[in-house]
Every structure is written in structure tokens, then in C-alpha cells.
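# here is my input; please provide its structure:
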Amino acid sequence: MVRFNQDMHSAVGVVERSTARMSEAVAKLREGFETLAKAAGLAMTLDAVVGKVQDMISAGAGFADLSIRTGIAVETLSRFDKVAKLSGTSMEEIAEP
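Predicted coordinates for the structure are as follows:
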């Protein structure tokens, strides 16, 4: 059990580091798109795209937390989420205490 907890905490660290790198990449991507939009004379925002990416990052972190609480692999929780959405709910709603 101790090893499992150590592995879970290690996995959380990996997720947190990956999330930070993804956030940095999103910021750079946003800057690149804004520069491209200005160069093309377009007045566009990427708030919707950034919002979706941030939602995905948040969902990943949520699955990592839920994985630690339940002992179920993140990949499995992701599959459960797809089934939950088909039934009109979500893993967030199911996981609420």
C-alpha cells in the first residue's frame, strides 16, 4: 500500500509538471496565433481555443486526483467519463461526495 501511495504521488508530480509545460506551450501558441492574426490583419481572439485547452488540462488534473482517491487508473477513468457523458452525466458529478 505504501508503494502504491508513493507511485500515486509520483504520478501526481508527473501530471503537475506536464500541466505546467502544457500551460507554457499554450501561452506560446496563443502568442504565435495572435502575431499571425495581426500580420494577416485579422482581429481574432483565441479565448475559445485557450479555454478548451485549459478545460482539457483541468480535466486531466481532475482525473489524476480522482485516480488517487479511488485507486482507479486515469485511463480507465477517462473511459468511464465517455460512458458517463453518453448517459447525460460526467465523472465529476459521479465523483462528488
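# and Met91, how many neighbours?
19 (other Cβ atoms under 10 Å). (C-beta placed from N, C-alpha, C; glycine too.)
# next: Val12.
15.
# does anything pack onto the helix or strand it falls within? Which helices or strands?
For Val12, the host element (DSSP states H and E) is helix 2-39. Packing contacts for helix 2-39, counted by 3 or more Cβ pairs under 8 Å, 6 or more residues apart in numbering; DSSP states H and E, involve helix 47-70.
# buried ones in the helix it packs on, by neighbour count?
50, 53, 57, 59-60, 62-64, 66-68 (16 or more other Cβ atoms under 10 Å).
# now do it, average pLDDT.
Mean per-residue pLDDT for helix 47-70: 82.
# hmm, who's touching it?
8-9, 11-12, 15-16, 18-19, 22-23, 26, 30, 33, 72-74, 77-78, 81, 91-92, 95 (Cβ atoms under 8 Å, 6 or more residues apart in numbering).
# now do stretch 19-27
50, 53-54, 57, 60-61.
# ok, of the residues you listed, which one's closest to Ser87?
Taking Cβ to Cβ as the measure, Ser87 lies nearest Gly60 of the contacts of stretch 19-27, at 21.8 Å.
# roughly how far does the closest one sit from Glu34?
25 Å (Cβ to Cβ, to the nearest Å).
# and for Phe33, the neighbour number?
16.
# distance of it from Val53?
12 Å.
# same check on Lys85?
For Lys85, the distance to Val53 (Cβ to Cβ) stands at 19 Å.
# just the element for Ile72, please.
Going by DSSP H and E, Ile72 is not part of any helix or strand.
# burial count for it?
For Ile72, using other Cβ under 10 Å, the count is 13.
# what residue ranges in the protein score low on pLDDT?
39-47, 97 (pLDDT under 70).
# could I get the phi/psi values of Ala73?
phi -60, psi 150 (degrees, to the nearest 10).
# residues near it, how many?
Neighbour tally, Ala73, other Cβ under 10 Å: 12.
# distance of the closest residue to it other than its chain neighbours relative to Val14?
With Cβ to Cβ, 6 or more residues apart in numbering as the criterion, Ala73 has its nearest non-adjacent residue at 6.4 Å, and that residue is Ser67. Per Cβ to Cβ, Ser67 is found 12 Å from Val14.
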